[in-house]
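*Asks:* Quick one, fold the following:
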Amino acid sequence: MARKSKVSRLPAEVKSHLQRLLREDSMTLDEILDDLRARFPAAEEVMPSRTGLGRYRKTYEEVLASHKNIAIASEALVAELGESFDDKSGALLSQAVTTLAINAVDNALDEGNVDIKDVLNIARAAKSVQETRSLSLRERQAIAKEARERLLREQSEALDEEVKAGGLDEAQAQFWRKKFLGV
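*Replies:* Numbers count the residues shown, from 1 in each chain. You can find the predicted model right below:
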């Protein structure tokens, strides 16, 4: 199993500060290391090397770019589909989770150091994808059922109003209920 990087072993406060500096993107690697050493002298022994910090920065920037792309796509989709969660957005959510899980598997395999923990995480991700797809299907079915019930109620109410208005007798109303409403 591969060793954890020094960055992943940093105390939470130091790592949080490092990530903030990386998000701001206004310092060089040397300036970031100098800033970390000045602010957190007690963590000097676990500070990453310049090379290790460079590798972490590259990975961190890739993750940030991915998150930005997802945010942009989400905004565009919400603008197109609206805020309500419906059939299209449910299917889209399911596809997004599937894509993220596949990307995680690809990245793990590309690194070549997949251990049992990674396999378990991939299995959990696959299970989550399947649950998301099932949830999406159940929600679509529930939406369709609710729409059907609403339509039946509206048609039944319209038929009842017609009967009250004197346009149909009870036998005719019963015929139409059975024929078109199925009740």
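*Asks:* Which strands and helices lie in contact with the helix or strand hosting residue 124?
*Replies:* If you go by DSSP states H and E, residue 124 is part of helix 116-164. Where contact means 3 or more C-beta pairs under 8 Å, 6 or more residues apart in numbering; DSSP states H and E, helix 116-164 is packed against helix 87-111, helix 170-176. Backbone N, C-alpha and C define where each C-beta goes, glycine included.
*Asks:* Going by mean pLDDT, which of these comes out lowest?
*Replies:* Lowest mean pLDDT within the helices and strands packed on helix 116-164: helix 87-111, a mean of 66.
*Asks:* what's the average pLDDT for stretch 40-59?
*Replies:* Averaged over stretch 40-59, pLDDT sits at 90.
*Asks:* Show residues contacting that stretch.
*Replies:* With contacts defined as C-beta atoms under 8 Å, 6 or more residues apart in numbering, stretch 40-59 is touched by 5-7, 9-11, 13-14, 17, 22, 29-30, 32-33, 36-37.
*Asks:* Just give me the least confident of these.
*Replies:* Where pLDDT dips furthest among these: residue 5, at 77.
*Asks:* tell me the contacts of it?
*Replies:* Residue 5 is in contact with 48, 52, 55, 56, counting by C-beta under 8 Å, 6+ apart.
*Asks:* between those residues, which is nearest residue 151?
*Replies:* When the contacts of residue 5 are ranked by distance to residue 151 (C-beta to C-beta), residue 56 comes first, at 56.3 Å.
*Asks:* Check the secondary structure at the closest one for me.
*Replies:* Secondary structure, DSSP: H, G, I helix; E, B strand; the rest coil: residue 56 is helix.
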